[in-house]
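A.B. asks: fold the following and give me the result.
(chains A, B, C, D and E, ligands or ions: 4)
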Amino acid sequence: METKFNCRDVQVYYADNHAIKDVNVDILDKTVTAFIGPSGCGKSTFLRSLNRMNDTIPICRVEGDILLDGEDINDAKVDPVQLRAKVGMVFQKPNPFPKSIYDNIAYGPRIHGLARNKAELDEIVEKSLRRGAIWDEVKDRLDAPGTGLSGGQQQRLCIARAVATEPEVLLMDEPCSALDPIATAQVEELIDELKANYSVVIVTHSMQQAARVSQKTAFFHLGNLVEYDDTNEIFTNPRDQRTESYITGRIG
Amino acid sequence: METKFNCRDVQVYYADNHAIKDVNVDILDKTVTAFIGPSGCGKSTFLRSLNRMNDTIPICRVEGDILLDGEDINDAKVDPVQLRAKVGMVFQKPNPFPKSIYDNIAYGPRIHGLARNKAELDEIVEKSLRRGAIWDEVKDRLDAPGTGLSGGQQQRLCIARAVATEPEVLLMDEPCSALDPIATAQVEELIDELKANYSVVIVTHSMQQAARVSQKTAFFHLGNLVEYDDTNEIFTNPRDQRTESYITGRIG
Amino acid sequence: AVAQSRENVQIAGSSTVLPYASIVAEAFGDNTDFPTPVVESGGSSAGLKRFCEGVGENTIDVANASRAIRDKEVEACAANGVTDIMEVRIGYDGIVFASQKDGPAFTAFEPTDIFNALGAKVLVDGEVVDNPYNTWAEFNAELPDVEIAAFIPGTKHGTREVFEEKVLLIGCEETGAMQAMIDGGMSEDDAEDACLDVRTDGKSTDIDGDYTETLARIDANVNGIGVFGLAFYENNTDKLKVATMSGVEPKTETIASGEYPVSRPLFFYVKKAHIGVIPGLKEYAQFFISDELAGPNGPLANYGLVSDPELSATQSMVEGEETM
Amino acid sequence: MTDATVQGGAPAPRGSIHSIDARTAKRNRAEKRFRTYGKIAIGIGLFFLVVLFASIIRSGAPAFTRTVVDVPFTLTQTQYEEAEGTLFKTKAYSDFFIAALDNQLREQGVEAEFDADTIERLLGKVGSTIREYYRANENQLGEEVSFSLATSSRVDGYLTGRVTRESMTDSRFLMAADLDLVDRLVEGEIITSEFNWPFITGADSGVDNPGGAGIGASVVGSFFMMLVVLFLSLPIGVAASIYLEEFAVQNRFTDLIEVNISNLAAVPSIVFGILGLAVFIQFMHLPQSAPLVGGLVLTLMTLPTIIISTRASLKAVPPSIREAALGIGASKMQTVFHHVLPLAMPGILTGTIIGLAQALGETAPLLLIGMVGFVARGYPDGFLQGFVEPNSAMPAQIYTWAARADVAFYDKAWGGIIILLIFLMIMNIVAVVLRRRFERRW
Amino acid sequence: MPVFWLILIVLAIAAAGFVVGRSRALSSAEGDARKLHSLPSFYGNNVVIKAIVPAFLVMIVWLLAQPLVVASSVSGLIPESAIPDNSSRGLVMAEVRRAADGLDAAVASGGMTEDFARNARADFNDVTERLQEAGAIVTSQVTQPVLRAAQRFRVLNATGKTLMSGAVIALSILGALWGIRETKAEFRARNTVETSIRMLLIAAASIAILTTVGIVLSLVFNTVEFFRLYPASDFFFGTTWSPSFSGRGGSSELGVLPLLWGTFYISIVALLVAVPIGLFSAIYLSEYASSRVRSVAKPMLEVLAGIPTIVYGLFALLTVGPLLLSVFGPNGLGWMQAGTAVMTAGLVMGIMLIPFVSSLSDDIINAVPQSMRDGSYGLGATQSETIRQVVLPAALPGIVGAILLASSRAIGETMIVVLGAGAAAKLDLNPFEAMTTVTAKIVSQLTGDADFASPEALVAFALGMTLFVITLGLNVFALYIVRKYREQYE
Ligand SMILES: Nc1ncnc2c1ncn2[C@@H]1O[C@H](COP(=O)(O)OP(=O)(O)OP(=O)(O)O)[C@@H](O)[C@H]1O
Ligand SMILES: Nc1ncnc2c1ncn2[C@@H]1O[C@H](COP(=O)(O)OP(=O)(O)OP(=O)(O)O)[C@@H](O)[C@H]1O
Ligand SMILES: [Mg+2]
Ligand SMILES: [Mg+2]
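C.D. replies: Ligands and ions are numbered 1, 2, ... in the order given. Now for the predicted structure:
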């Protein structure tokens, strides 16, 4: 499996707060990588570094090299827009646009020119909503605002929205936190399906979910990448004591 | 155990959308009640009806009787403010105030006059943050803005904030969705502790959690309260077919 | 606390009289123990209107006007209880034509020239036609061959009336256009009205602001010719050169003697009921028209007011508090 | 797997992130254009600001210097009594001074042709200064006193270059020949230039006395008006907005208020003057020409601006903040005052800045309530009197100066504009600093 | 007792009431604030409100009514014969008031004893003299009836004031006691206080309505008068505006259409300048500019709103006009005849309006939650796409508000139009022609020299009314549009 992301000595600071320390990790293509770790350990922060979303936080500073397909994403030449088109993201807090459900999904395809005409766009929207496991619930109210959905519906809408732009890498920050088991299973299915062509990175608090969907797991603790290995290894045979404590539920 | 909430024929509409249909339920005092059900089934909607948070949504209409300690909360005489001081809430999406962490917690006690002086207030803040299992992470930065916390930290901050006002009933909408297992365990411990004096209603997607913390469970489906019973009963011996399907993971 | 008695004389009205009133008001404050009067501008119309609103401390005491009060206004006044009004003529305002100092030489005008340049309909070869002229030389070879560009007072100005009556109408009669119109079947009144119509094709611009605006327009247009008050012109001789009318140069002397035809009287009106109630009101009126101020050597004349030859009559009228 | 591929379609190869693909390049160009538009827009705004400032400062600078005649002068008791006995007293003082100066110059043997008229033409209105002095210091009668008296505006202009011998050829206010004497007096340092304090501190003067004109009194007038405007329009505006945005139920009546308020913004300011005249002066009997009335009228005019901007910023506060507060038992009032209002503060302050700026520069409504014209009453006797004693306001003062015949007043008008802008900026600084403290993104 | 002191006393009572109310609330709950319905300070504030509001209301009413009552009773003392022919009772009353003020001043300055002032049977010359000595402005000899009336006036006023002070203080104390009595643990003090605040808010909102009513009332009578003198159809449908100076009987044509067209045209040009520049400035400031640039540029742009409009007018006349003329004038493209034109005024007005659009929009755009932008960036949108498609729609209501404000300002502007647009009322499509606006004509007709009872002067009110109604229509339309396209985030 090819390396998709190659991260060397990544540091992230929020003003003085050293949130990510010396992280070195290779994220593989066509693989699902899970980031686990206690709340506040820096998972989201690191995830957001991978598509330079941290650029939008003025006090945030990223150091070290992050190579995508061998190319430094923090290079001055790199256009973050193109990078983010390639590396899509589902945020931890669902953030639908204050637009209709349809427009929420159609937004990405429109700006990337993925549809030649209205019919194609309709198709993309439907397909994405289906993949986000929310089609049935919203098919009758595509014109209703995306903000009037329930928490879990919003989360799935955001997943569908991210999928609609067909990124090569999909970063998902706790995509199933507000979902019931069935919906969770559907999203996991989607992740599995995406894996065939894409690289998926998922942050999760559920060990079971990590174990179910991921091939690789990274365990973060207090800003450090403590351990990164095959998921099997991590869960059955963790090398670091902290990892073990975490997955057995002893440190948080 | 006394009845805390007595709900008769509760209907909730979002404009034309009939989101809650004919719900009859008695929520007991000194008990943890879990609301479960697939995403979009109306759990949050019903929860928000219990402290009249739905008043803030212009298109939302609540019908039927909801009695708290025998008094109709939708009565014109009732002061929703007093109601909400009694019936606290943790929202599904964490929504810290754009103020310091300290002020986030201290706000409730201040407006309810729970502290006589600064020292008492400090004490309340510390105690609440400890109960919210977030004290250690934020004790050094109580002056930092609450919005600069990680997703899980925000969620715990909101729990701490709700606890700080010492409500008689605490409504929690998926309070652990962004928490790691340890933090989840701590929050569950808190719920357990609260149960001794208060009534707690918790919405959750995790059957395990529902089974762990609650004494009573209500299962919602498509706006209907399908089944309401002792948690044991529901999980071991569901009467309705839909309940069974849901807890065994067949419908979502 | 609000129902305090007013101590100062309150004046409002014409912006043409304002400069003179301001000179007097300042001197009145400097030379007497009365507080300096407050002089508001806002036009003769607004001034008289407020004057006629009634008697009492919350109404004004004096209205300045660049024209005589009209009968309808007197009636309106009376309807509000303002009956005894003293009319005080302070002098005359000369109205002059002036152009840019460095511009072409418009130094000698006859009313006919102005009418031919600005009238809406003029007489060409015995026929009344829409004004066809583009340059001054087209109808009077002695005038420069430049584009007509005139800046005349807008219809809100009292000056406009004088301009119409003393220049356009005379010009209309002298060119024979009026007669031609009457011959063409118009009644005399209609013909007079038609004589006063000013062309609207952009050669003539109405100025609704004050003379400063006219000056600015002329500054921006070499060929422009504008209508000013004498005082304004005299203060700006470095930028403007004045035109004679029928061979007479506008000066305080020529205007006072009536040689220079285009001028108008200026007035102020005093509410007699307020005399004795508003401190300093009568003193102000007397001070204004005293020889020291309004006489030919006083500061008002020095500033450009054409002093009234019959000033002493006015003085005794004010002394005796005679009303209209 | 294959099924998924067919369904999802293999991702179109997007290529290197270092080389920008055609579509991205196009979008980036659009982005760049968009950004450039922004820069251009700011640039245009600032450019005009600079142009306006430059021309204001250039035109206004001469107002800040004045030329004075420095001469010792003695007035005897008899002269004093004689002058006080006349009607036009200041003229008499002036004549005494002119005679004395004439004598003095002849004694000094100044080499220029001149007579008393020449000297009169060179001097400004000196009589009132002298009279005021001796009335206050009768003990100085008969003593030699050194006066700094303003020269006429033409001499002023001559020294700043506005007036030349050529430009005075047709003038009867200053003959070209008079300038010889001016030259001599400048050499002899009898005529000197100094900073024009009276302009900053003084009150308006008559149209024939540009040297005596000052903006100070009208600054005070504007100050009192702005106090009224600020302390009425801000609280009322914010209160009205809070009611409309947070409490009022959406119905016909609130729609009516809403439309009404936006409509008031479009009412020409002079109409507020008509209203002010009718209501405050004729009905409520408030004093004429008073800053209090001016302030009230401008308050009505400013309210829509503040209300519209406040409502817009209240609308922009996300509902989740309100829910959070309500959820822990805050009352609606507490929610609004503790959370929503602070977050809306930047917009409120912007509305205040713009509204007050507009009010500060407005003349038309003052026209009808008697603050435009000649209101040379000097300073009020006390703080409370400041609201009710007749006074002018800066824009009104500027407006009247700009209309006066003597170009010297034109300089004063521009000088007044400089003072007004300084006043405006001082007023804004507080608000701008406050606004920055309230700004945050969430 | 001076009103100022009275106010202070009432405030002192209120302050004391606050302390008592607060502590009583606490003691009624045995010192445990939690047992109270509301925060202790609300109980205090409840007392404050009850102590202040009725007392002040009575004081205000009293202050308004007393002069009327006193005046009518004193005025009875003045016999018909004491009123000079040309004068009115009102003016004599002014004299009475002045004399009374003078007596007060004389007493205060020691020129007269209180007894003397009250019982001045002495001759009037003496009184007049003493008054003058005390610096009172006495216009002429004080006459017998005037002096009597003035004395009575003083006495009545003094009694009135004493009564008022007594009533106000008593009411304040009663109010405070009432508030204190109410103070019990279960009393809903917060609700009471908040209801009062709410009343205040409603009162504030109604000021807008009152202003509108006031404007309509102050315009309507003269408007009606105008239409009595001039046919409405000619006014509304006439295409010529040429008032003649009414001195000559007048053959004015007062058609409003050219003015409306000019208003519309100039405003459009101004908005075409201000909206894009303002909006792009706002976008640049809030989304692209560093906070340093923003903190400098934004207040600088705001200064544009504060430059007096006469400066803009002169700028239009002296700078922009000639500049445009050199490009579009006879020596250039030949579209423009003179420097003053719709274009000149519109451009300059646009500049003035930039901050109205830019600053307000900037605040609103800044208030759009960052998560909206993040959502869009995360999909690979460029910043401009995000702004155009996510941020701006979310900020739309506020931006529309800003634009409405700017257009309102454009419609209401005078000076720039007078100096920049020329005064010609024309119906023409060429933006390089001189035109004028309704507002400019309102000012010029109102401040002119015409006969104030003539249609030429009264037309100002009709114009004001017409403009008012038209903008009302436009605002209703705008409200409808905003409601339709509003997007609410979260
Ligand atoms: N503000 C709103 N406006 C309109 N419809 C709404 C709104 N909020 C929720 N709904 C609809 O009401 C139904 C119930 O929503 P609710 O939020 O109660 O679901 P839920 O059970 O909490 O789901 P989840 O587990 O996803 O949070 C859904 O169909 C949802 O789309
Ligand atoms: N915008 C911010 N400003 C300042 N500090 C931040 C910000 N966002 C996160 N942090 C801090 O950085 C650290 C890492 O946060 P991060 O959001 O990456 O945690 P996380 O692993 O995603 O946690 P969670 O599971 O709770 O979402 C935390 O201490 C957090 O408080
Ligand atoms: Mg996170
Ligand atoms: Mg929910």
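
A.B. asks: helices of the stretch 151-300 of chain C, residue ranges please.
C.D. replies: Secondary structure of the stretch 151-300 of chain C by DSSP state H, counting those that start in this stretch: the helices cover C:158-162, C:169-175, C:177-183, C:188-196, C:211-219, C:230-235, C:252-256, C:281-288, C:291-294, C:299-303.

A.B. asks: please see if the second one touches chain E.
C.D. replies: Meaning helix C:169-175. No: if you take Cβ under 8 Å from any Cβ of the partner chain as the test, helix C:169-175 misses chain E, and the best it gets is 9.3 Å. In short, each C-beta sits where N, CA and C put it, glycine included.

A.B. asks: now that helix: buried residues?
C.D. replies: Taking 16 or more other Cβ atoms under 10 Å in any protein chain shown as the neighbour-count basis, helix C:169-175 is seen to contain the buried residues C:169, C:170, C:171, C:172, C:173, C:175.

A.B. asks: that one packs against which elements?
C.D. replies: If you count contacts as 3 or more Cβ pairs under 8 Å, 6 or more residues apart in numbering or on different chains; DSSP states H and E, helix C:169-175 packs onto helix C:111-118, helix C:177-183, helix C:188-196.

A.B. asks: neighbours of residue D:27, just the number please.
C.D. replies: Residues lying near residue D:27 (other Cβ atoms under 10 Å in any protein chain shown) number 24.

A.B. asks: quick one: it and residue E:385 touch, right?
C.D. replies: Yes: Residue D:27 lies in contact with residue E:385 (Cβ atoms under 8 Å); the separation is 7.2 Å.

A.B. asks: common neighbours of these two, please.
C.D. replies: Listed contacts common to residue D:27 and residue E:385 are residue A:111; contacts here mean Cβ atoms under 8 Å, 6 or more residues apart in numbering or on different chains.

A.B. asks: next, the residue nearest the centre of chain E: secondary structure please.
C.D. replies: Nearest to the geometric centre of chain E sits residue E:211, at 8.0 Å (Cα atoms, centre = their mean). Secondary structure for residue E:211, judged by DSSP: H, G, I helix; E, B strand; the rest coil, is helix.

A.B. asks: could you measure from it over to residue D:265?
C.D. replies: To residue D:265, residue E:211 is 11 Å away according to Cβ to Cβ, to the nearest Å.

A.B. asks: now do residue D:227
C.D. replies: Using Cβ to Cβ, one obtains 23 Å as the distance from residue D:227 to residue D:265.

A.B. asks: and if you look at residue D:219?
C.D. replies: Here residue D:219 is placed at a distance of 27 Å from residue D:265 (Cβ to Cβ).

A.B. asks: compare those two (neighbour count), which wins?
C.D. replies: Using other Cβ under 10 Å as the criterion, residue D:219 and residue D:265 rank with residue D:265 on top: 26 against 22.

A.B. asks: wait, doesn't that one sit right on residue D:305?
C.D. replies: Yes: applying Cβ under 8 Å as the test, residue D:265 and residue D:305 come out as touching, 6.5 Å apart.

A.B. asks: how about the nearest residue to the residue nearest the centre of chain C, chain neighbours excluded?
C.D. replies: For chain C, the residue nearest the mean C-alpha position is residue C:159 (4.0 Å; Cα atoms, centre = their mean). Counting by Cβ to Cβ, 6 or more residues apart in numbering or on different chains, residue C:159 lies nearest to residue C:153, which is 4.2 Å off, once chain neighbours are set aside.

A.B. asks: before we move on, what about residue D:310?
C.D. replies: Nearest residue to residue D:310 in three dimensions, chain neighbours excluded: residue D:241, at 3.8 Å (Cβ to Cβ, 6+ apart).

A.B. asks: which ones are touching that neighbour?
C.D. replies: Going by Cβ under 8 Å, 6+ apart, residue D:241 touches D:306, D:307, D:310, D:311, D:314.

A.B. asks: tell me which residues in the helix or strand containing it are buried?
C.D. replies: Using DSSP states H and E, residue D:241 sits in helix D:216-242. Under the neighbour-count criterion of 16+ other Cβ under 10 Å, helix D:216-242 has D:216-230, D:232-234, D:236-242 buried.

A.B. asks: so where's chain E uncertain?
C.D. replies: For chain E, the stretches with pLDDT under 70 are E:1, E:84-88, E:90-91, E:109-112, E:116-142, E:245-251, E:486-490.

A.B. asks: give me phi/psi at the closest residue to chain A within it?
C.D. replies: Residue nearest to chain A within chain E: residue E:380 (3.0 Å; Cβ to the nearest Cβ). Dihedral pair for residue E:380: phi 80, psi 30, per degrees, to the nearest 10.

A.B. asks: wait, it touches residue A:85, no?
C.D. replies: Yes: using Cβ under 8 Å, residue E:380 makes contact with residue A:85 at a distance of 3.0 Å.

A.B. asks: give me the common contacts of these two.
C.D. replies: Contacts common to residue E:380 and residue A:85, judged by Cβ under 8 Å, 6+ apart, are A:112, A:165, A:167.

A.B. asks: okay, and which of those residues map to helices?
C.D. replies: residue A:112 (DSSP state H).

A.B. asks: for the shared contacts of residue E:380 and residue A:85, give me a markdown table that also has pLDDT, neighbour count and distance to ligand 1.
C.D. replies: What follows is these, written out as a markdown table (pLDDT from 0 to 100; neighbours: other Cβ atoms under 10 Å in any protein chain shown; distance: Cβ to the nearest ligand atom, whole Å):
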| residue | pLDDT | neighbour count | distance to ligand 1 |
| --- | --- | --- | --- |
| A:112 | 88 | 23 | 28 |
| A:165 | 89 | 26 | 23 |
| A:167 | 89 | 27 | 25 |
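
A.B. asks: of the shared contacts of residue E:380 and residue A:85, which is the nearest to ligand 3?
C.D. replies: Closest approach between these and ligand 3, by Cβ to the ion: residue A:167, at 19.6 Å.

A.B. asks: quick revisit: tell me which of the helices and strands packed on helix C:169-175 sits most buried.
C.D. replies: Stretch with highest mean neighbour count among the helices and strands packed on helix C:169-175: helix C:111-118 (a mean of 24; mean count of other Cβ atoms under 10 Å in any protein chain shown).
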